[in-house]
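Engineer: This is a predicted model, with the sequence first.
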Amino acid sequence: MKIVVFGATGKAGHAIALTLLAAGHQVTAFGRNRARLPAHEGISVIVGNALSAADVASAVAGQDAVVVSLGDSLNPVVLKLGAKLGVKRNTPPNICEVGTANVIAAMAKASVSRVICITSYGVGDTRERLSPVFRLWFRALQLGEQLADKERQETLVKESGLDWTLIQPVGLTDGAATGRWLASTSGDRRKRTVSRVDLADFIAEVLEGSRYVRETVVLSQLSISERDFANDAA
């Protein structure tokens, strides 16, 4: 399968591109910074801006599926205090919304229907399921701006008419692959974190099957004692 990964300069996008390549797919990594794109034989690289409709359209043409892993990699506290700290913002606050709108338009034009979009636990269908701990965590990290962008992104995807899957991971970590995750379409979760490698493995499974089309999936890690816990597909 030919798959383009938008946001491949980020940690999650990078892991997804490498995992899809290992699974035997033809992978294209799209991002603005060539130095941060996966430098791996077998991965095609496109340097472009998701805010450019022309750049996005060029990357989508000829693909079988699209993975959207857009976001702002800047620490949210630094992002909030950027002006005082002398840190210049290089990613607009609506990168997910505008970038995804360009992807959807490009997919419609190129007759590509399958899209996996990574958002965040606590937006859209799971907004009201946030525990007090998560609410405090999000408030402490000052994630309001990013979550609002993800909200708008989800709305666009759901209204796109494409064969979409929205994945809402809980807190992402750089941990190793465990193979132990709960993929819930009813908003349930287990641990508060999940590794980016497990996220990438799950995306590879979704693309190779027919489950979760036009569904929102919360992804969280299971404990070792829950190793044989059946994923909730209801």
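Structural biologist: Received the coordinates, thanks. All figures in this text were calculated on a predicted structure; none of them were measured in a lab.
Engineer: just for the chain, where's the confidence low?
Structural biologist: Within the chain, the ranges that satisfy pLDDT under 70 run 73-89, 130-144, 225-234.
Engineer: which residues of it fall in helices?
Structural biologist: 11-22, 53-60, 76-80, 82-85, 95-110, 132-141, 144-158, 196-208 (DSSP state H).
Engineer: Save those as JSON lines, and put in mean neighbour count too.
Structural biologist: Bear in mind the C-beta positions are built from the backbone N, C-alpha and C, glycine included. Shown next, in JSON lines, are the helices of the chain (neighbours: other Cβ atoms under 10 Å):
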{"stretch": "helix 11-22", "mean neighbour count": "23"}
{"stretch": "helix 53-60", "mean neighbour count": "19"}
{"stretch": "helix 76-80", "mean neighbour count": "15"}
{"stretch": "helix 82-85", "mean neighbour count": "10"}
{"stretch": "helix 95-110", "mean neighbour count": "22"}
{"stretch": "helix 132-141", "mean neighbour count": "12"}
{"stretch": "helix 144-158", "mean neighbour count": "19"}
{"stretch": "helix 196-208", "mean neighbour count": "21"}
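Engineer: Let me have the ones you listed in TSV, adding distance to residue 218 as columns.
Structural biologist: Below are the helices of the chain laid out as TSV (distance: least, Cβ to Cβ, whole Å):
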stretch	distance to residue 218
helix 11-22	16
helix 53-60	27
helix 76-80	21
helix 82-85	31
helix 95-110	18
helix 132-141	12
helix 144-158	13
helix 196-208	11
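Engineer: Looking at those, spot the one closest to residue 171.
Structural biologist: helix 132-141 (8.0 Å; Cβ to Cβ).
Engineer: And stretch 48-66, how far out from the chain middle?
Structural biologist: 16 Å (Cα atoms, centre = their mean, to the nearest Å).
Engineer: go on, stretch 179-198?
Structural biologist: Chain-centre distance of stretch 179-198: 14 Å, with Cα atoms, centre = their mean.
Engineer: again with stretch 90-106
Structural biologist: 13 Å.
Engineer: Just the residues contacting it, thanks.
Structural biologist: Stretch 90-106 has contacts (Cβ atoms under 8 Å, 6 or more residues apart in numbering) with 6-7, 50-53, 56-57, 59-61, 66, 68, 70-74, 112, 115, 117, 119, 145, 149-150, 152-153, 156-157, 160, 162.
Engineer: who touches residue 212 in this structure?
Structural biologist: Applying Cβ under 8 Å, 6+ apart, the residues near residue 212 are 165, 183, 185, 206, 233.
Engineer: export those residues to CSV and tack on distance to residue 219?
Structural biologist: Shown next, in CSV, are the contacts of residue 212 (distance: Cβ to Cβ, whole Å):
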residue, distance to residue 219
165, 11
183, 6
185, 11
206, 10
233, 13
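Engineer: Which entries within the residues you listed meet the buried criterion?
Structural biologist: Buried members of those, scored by 16 or more other Cβ atoms under 10 Å, are 165, 183, 185, 206.
Engineer: which of the residues you listed are the two that sit furthest away from each other?
Structural biologist: 185 and 206, at 11.8 Å, using Cβ to Cβ across the buried ones among the contacts of residue 212.
Engineer: which neighbours do these two share?
Structural biologist: 212, 217.
Engineer: Look up how far residue 175 lies from the residue nearest the centre of the chain.
Structural biologist: By Cα atoms, centre = their mean, the chain has its centre lying nearest to residue 118, at 2.5 Å. Applying Cβ to Cβ, to the nearest Å, the value for residue 118 to residue 175 is 17 Å.
Engineer: Can you report phi and psi for the nearest residue to residue 168 once chain neighbours are set aside?
Structural biologist: The shortest distance from residue 168 to any non-neighbouring residue, by Cβ to Cβ, 6 or more residues apart in numbering, is to residue 121 (4.5 Å). Dihedral angles of residue 121 (phi, psi; degrees, to the nearest 10) stand at phi -60, psi 140.
Engineer: Thanks again, I'm all set now.
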